[in-house]
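Engineer: Turn this into a model:
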Amino acid sequence: MANVELRGLEKNFGANTVLKGVDLAIRDGEFVVIVGPSGCGKSTLLRLIAGLEPPTQGDILIEGKSALEDAPAQRGVAMVFQSYALYPHLNVFDNMAFGLRMAKMAERDIKAAVEKAAQMLGIEDLLDRRPRELSGGQRQRVAIGRAIVRQPRLFLLDEPLSNLDAGLRVHMRHEFARLHRELATTMIYVTHDQVEAMTLADRIVVLNAGGVEQIGTPQEIYDSPRNLFVAGFLGSPRMNLIAGEVAAIKDEGVRIKLVTGDEVTAAVVPGKAVPGDKVTLGVRPECLSADGLGNILTATVDVVETLGSTRAVYAMMPRADQPVCAILPVAFAVRHGDVVRLHFDPTQAYLFDGSGEAFGRNGSKTQAA
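Structural biologist: Take a look at the predicted model:
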């Protein structure tokens, strides 16, 4: 296992700044998932840790020692790529054994290491096949096996499931969780898929435009997003965000007049907010119901998606930029054009100030980890 520390890590490609002063400490045996939109610097960050690119500024410490002068092979790091990167002319055994042979390991030891990894991954019957004879999931297992046999201190995984179909992605997520448990090795996993992040991570790092927006456990980030970007990025369907302004400050929270004409209350501590301040209300789709007490949003149904036991109802509100989404019981019959009144409790509301920062629900602004 290995602990990893990134200190003020920056990376420029010419005039383009890809990473901006990234600070991150990863503990031994931790599974850290880095999420963010395309182009935010996720893969570049992995390549810097692996030694495939030099940083423009900052330091990378592995086990407390700077790795900047170490070649990739000296860092004890194994990387699994999105494209699998298998040698097409070699069979599975030789693909998995390639790095060990380059390291001059004895063939007897190579055979034992490959067979052990293949058994762990359930591909022991595929060792004689070439990559073109394998499915996408089987190729991904081979790529992981090639990393496992090296017994690295640190696994780096760059969107390893993005080429797989939905059902296989779910299965491979379970496989990664099991492997992490069995190997007890530090893993840094890059993805834009928030479901992978929420289900696999010990901690999530939310990256945006080369900078860290928030670090925390999946539940911490889901429950307490520190700004509008994190609130809108993590969650499926995404959080409903509706513009408005502060109408009044009351004992029970902040009264907000929305652009839609509705007035609602958010049970948050107002901080320095005063009437007239521009704010954004946030409500998660699963917190909206078709009946109840508290706040009400009035909207006209646009699209209904039946999801088996629930329906995702998308409805338009006057002057709102986006439809509001509610996850409702499948028994709630609704169709295009119906007017619905969606209820939510003030304690389930989020509120963001004019700069996009969240008001905390515990007496202070939500802080980044």
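Engineer: CA atoms for contacts and neighbours, from now on please.
Structural biologist: Noted.
Engineer: how about the strands of the stretch 1-150 of the chain, start to end?
Structural biologist: Shown for the stretch 1-150 of the chain, the strands assigned by DSSP state E, counting those that start in this stretch span residues 4-13, 16-26, 31-35, 57-62, 65-66, 77-80.
Engineer: can you redo these as TSV with mean neighbour count?
Structural biologist: Output for the strands of the stretch 1-150 of the chain, formatted as TSV (neighbours: other C-alpha atoms under 10 Å):
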stretch	mean neighbour count
strand 4-13	19
strand 16-26	16
strand 31-35	26
strand 57-62	19
strand 65-66	13
strand 77-80	23
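Engineer: ok, which stretches of the protein are helices?
Structural biologist: 42-50, 92-102, 107-121, 136-148, 166-183, 194-200, 218-223, 228-233 (DSSP state H).
Engineer: Just to check, residue 351 is in contact with residue 358?
Structural biologist: Yes: with contact defined as C-alpha atoms under 8 Å, residue 351 and residue 358 form a contacting pair (5.8 Å).
Engineer: Just name the shakiest helix or strand of this structure by mean pLDDT.
Structural biologist: helix 166-183 (a mean of 84; mean pLDDT, DSSP states H and E).
Engineer: gap between stretch 7-20 and the chain center?
Structural biologist: For stretch 7-20, the separation from the chain centroid amounts to 21 Å (computed by C-alpha atoms, centre = their mean, to the nearest Å).
Engineer: I meant stretch 207-220, not that one.
Structural biologist: Using C-alpha atoms, centre = their mean, the offset of stretch 207-220 from its chain centre is 8 Å.
Engineer: who does the least confident helix or strand of the chain touch, helix- and strand-wise?
Structural biologist: helix 194-200 (3 or more C-alpha pairs under 8 Å, 6 or more residues apart in numbering; DSSP states H and E).
Engineer: List of residues touching the helix it packs on?
Structural biologist: 31, 33-35, 173, 176-177, 191, 204, 218-219, 234-236 (C-alpha atoms under 8 Å, 6 or more residues apart in numbering).
Engineer: Reformat those residues as CSV; add distance to residue 54.
Structural biologist: Converted to CSV, the contacts of helix 194-200 look like this (distance: C-alpha to C-alpha, whole Å):
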residue, distance to residue 54
31, 24
33, 22
34, 20
35, 22
173, 31
176, 29
177, 30
191, 22
204, 24
218, 30
219, 34
234, 30
235, 34
236, 36
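Engineer: Would you mind listing which of the residues you listed are buried?
Structural biologist: 31, 33-35, 173, 191, 204, 218, 234-235 (16 or more other C-alpha atoms under 10 Å).
Engineer: Return the per-residue confidence for residue 9.
Structural biologist: Among the per-residue scores, residue 9 holds a pLDDT of 96.
Engineer: so what's it up against?
Structural biologist: 19-23, 55-60.
Engineer: That one pairs with what?
Structural biologist: residue 22 (DSSP bridges).
Engineer: distance of it from residue 24?
Structural biologist: 9 Å (C-alpha to C-alpha, to the nearest Å).
Engineer: before we move on, what about residue 64?
Structural biologist: To residue 24, residue 64 is 13 Å away according to C-alpha to C-alpha.
Engineer: Give the residues shared as contacts by these two.
Structural biologist: Shared contacts of residue 64 and residue 24, counting by C-alpha under 8 Å, 6+ apart, come down to residue 5.
Engineer: ok, the residue lying closest to residue 319 once chain neighbours are set aside to residue 176 distance?
Structural biologist: The shortest distance from residue 319 to any non-neighbouring residue, by C-alpha to C-alpha, 6 or more residues apart in numbering, is to residue 260 (5.5 Å). Remark: distance between residue 260 and residue 176 (C-alpha to C-alpha) = 45 Å.
Engineer: again with residue 62
Structural biologist: 23 Å.
Engineer: what do you get for residue 96?
Structural biologist: According to C-alpha to C-alpha, residue 96 and residue 176 sit 18 Å apart.
Engineer: Likewise for residue 41?
Structural biologist: 23 Å.
Engineer: Equivalent analysis for residue 99, please.
Structural biologist: According to C-alpha to C-alpha, residue 99 and residue 176 sit 22 Å apart.
Engineer: sorry, back to before: and the contacts of residue 9 as CSV, adding pLDDT?
Structural biologist: Putting the contacts of residue 9 into CSV (pLDDT from 0 to 100) gives the following:
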residue, pLDDT
19, 96
20, 94
21, 93
22, 96
23, 96
55, 96
56, 96
57, 96
58, 96
59, 97
60, 96
